[in-house]
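Q: okay, predicted coordinates and the sequence, questions at the end:
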Amino acid sequence: MKRRILTTALSALALAGLLAACDTQDQATPEFTGDDVTTDTGDADTVAIVNGEAITRADLFAYAGMDEDPGPAASDGTLEEVISLELLRQEAVARGLDTDAETRRILRMVETNLLASLLMERITAELDITQADLEAEYDRQIEQIRGTEYRARHILVEEAERARELLEELEADADFAELAEAHSTDPGSAARGGELGWFAPEQMVPAFSEAAMALEPGETTAEPVESRFGWHIIRLEETRDTPVPELEDVRAELIEILESRAIQEYLEALREDADVEIPTRPANQ
């Protein structure tokens with residue numbers, strides 16, 4: 001039951017403005033312009049009044065998750081839904097459900113999530129990210145991914161002795177791809193003649209990567225290489241520098257990184273100034 005209540009409450013997050021209805025009918029209702037909500041006391045654009053509680057176009061747009069009028073037909077349907085929700089809200093309050101301790105905790109969490117999200121949006125909106133900032137972050141990210149990639153083939157078998165037999169066949173000029181297709185237990189690569197494509201060392205298990213990195217292009221491991229998957233015969237085809245994208249291709253990702261860093265730094269500053277206490281729990285808890 002608590003899980004159902006929490007799900008319902010979180011689903012109502014878009015209705016935060018509606019659910020936090022005015023205490024009296026005389027309170028000013030925000031004017032909605034389609035792009036922003038202000039606290040002007042002009043035309044509130046009220047579309048319905050339910051037992052004295054005003055529902056505005058801003059409430060409809062917030063409920064529908066829209067920034068502009070979806071049209072009369074859609075608005076009419078949305079209005080009926082919002083009126084129904086308002087009636088249910090009022091009845092729940094009349095029954096005292098809003099005073100239940102668990103409900104208050106859930107509503108507090110909904111409020112916390114909403115306000116935290118709004119603050120993070122405000123922080124990122126106030127950022128002045130320049131081209132120089134993007135270039136510096138681009139260089140920082142590229143430096144982390146620079147390296148070497150490898151393209152290799154392998155034949156995977158369950159027993160070391162069988163791997164050695166296949167190595168002997170390779171030494172006798174057998175075709176690597178044909179042996180892989182016929183004998184490898186790796187279904188993903190066997191059909192491609194053992195071809196693994198390009199990979200970074202960290203993408204493979206350590207034993208495999210170390211063996212591949214020790215080879216020169218065209219070389220095959222002299223002994224089978226054991227991993228948790230079985231025994232590998234590895235042939236290195238070629239190497240290349242890790243490809244890096246152009247700055248413009250990752251501009252959005254760079255902005256996201258800078259925004260996330262700004263939020264993290266802001267949060268760290270808040271924690272430094274905050275008085276946070278975490279009581280020590282008994283060992284049996």
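A: Ah, there it is.
Q: any idea how far the residue lying farthest from the centre of the chain lies from residue 165?
A: Ranking residues of the chain by C-alpha distance from their mean position (CA atoms, centre = their mean) puts residue 172 at the top, at 51.6 Å. Distance of residue 172 to residue 165, given as CB to CB, to the nearest Å: 11 Å. For every residue, glycine as well, the C-beta is placed using N, CA and C.
Q: for residue 151, give me phi and psi.
A: phi -120, psi 120 (degrees, to the nearest 10).
Q: hmm, residue 78 and residue 64 touching each other?
A: Yes - Residue 64 lies in contact with residue 78 (CB atoms under 8 Å); the separation is 5.1 Å.
Q: mean pLDDT per helix and strand in the chain: which one sits at the bottom?
A: strand 31-32 (a mean of 34; mean pLDDT, DSSP states H and E).
Q: so which strand or helix has the residue nearest the centre of the chain?
A: The residue lying closest to the centre of the chain (CA atoms, centre = their mean) is residue 256, at 11.5 Å. Using DSSP states H and E, residue 256 sits within helix 251-273.
Q: which of the residues in stretch 212-232 are buried?
A: Residues of stretch 212-232 classed as buried: 212, 215, 220-221, 224-225, 230-232 (neighbour count, 16 or more other CB atoms under 10 Å).
Q: is residue 182 part of a helix or strand, or is it coil?
A: For residue 182, the assignment made with DSSP: H, G, I helix; E, B strand; the rest coil gives helix.
Q: now do it: how many residues are near it, please.
A: 13 (other CB atoms under 10 Å).
Q: give me phi/psi at residue 124?
A: The phi/psi pair for residue 124 (degrees, to the nearest 10) reads phi -70, psi -30.
Q: nope, residue 226 is what I was after
A: Dihedral angles (degrees, to the nearest 10) for residue 226: phi -90, psi 140.
Q: kindly report the same for the one 4 residues further on.
A: The phi and psi values for residue 230, taken as degrees, to the nearest 10, are phi 140, psi -140.
Q: equivalent analysis for the one 5 residues further on, please.
A: Geometry field for residue 235 lists phi and psi as phi -120, psi 120, criterion degrees, to the nearest 10.
Q: so how far is residue 152 from it?
A: Distance from residue 235 to residue 152, by CB to CB: 6 Å.
Q: more crowded one of the two?
A: Neighbour totals were compared for residue 235 and residue 152, and residue 152 leads with 28 against 22 (other CB under 10 Å).
Q: in the stretch 1-150 of the chain, which spans are strands?
A: Along the stretch 1-150 of the chain, the stretches classed as strands by DSSP state E, counting those that start in this stretch are 31-32, 37-38, 46-50, 53-56, 148-157.
Q: quick check: which of those strands is buried the most?
A: Compared across the strands of the stretch 1-150 of the chain, strand 148-157 shows the largest average neighbour count, a mean of 22 (mean count of other CB atoms under 10 Å).
Q: for that strand, which helices and strands make contact with it?
A: Contacting strand 148-157 under the criterion 3 or more CB pairs under 8 Å, 6 or more residues apart in numbering; DSSP states H and E are the following elements: helix 160-171, helix 176-183, helix 187-190, strand 195-199, helix 206-213, strand 230-241.
Q: partners of that strand, with directions?
A: Paired strands of strand 148-157, with direction, are strand 195-199 (antiparallel), strand 230-241 (antiparallel) (DSSP bridges).
Q: now that strand: average pLDDT?
A: The average pLDDT within strand 148-157 is 98.
Q: that one to helix 160-171, inter-axis angle?
A: Using axes from the mean of the first three to the mean of the last three CA atoms, to 10 degrees, the direction of strand 148-157 lies 110 degrees away from that of helix 160-171.
Q: next, the angle from strand 148-157 to helix 206-213.
A: Using the same axes, to 10 degrees: strand 148-157 against helix 206-213 is 120 degrees.
Q: export strand 148-157 as PDB, just CAs?
A: Presented in PDB, the C-alpha positions along strand 148-157 are these (Å, rounded to 0.1, in the frame of the first residue of the first chain):
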ATOM      1  CA  THR A 148      45.500   2.500 -28.800                       C
ATOM      2  CA  GLU A 149      42.800   0.200 -30.100                       C
ATOM      3  CA  TYR A 150      43.400  -3.300 -31.400                       C
ATOM      4  CA  ARG A 151      41.700  -5.400 -34.000                       C
ATOM      5  CA  ALA A 152      42.100  -9.200 -33.500                       C
ATOM      6  CA  ARG A 153      40.800 -12.600 -34.300                       C
ATOM      7  CA  HIS A 154      40.600 -15.500 -31.900                       C
ATOM      8  CA  ILE A 155      39.700 -19.100 -31.600                       C
ATOM      9  CA  LEU A 156      38.100 -20.200 -28.300                       C
ATOM     10  CA  VAL A 157      38.100 -23.800 -27.200                       C
END
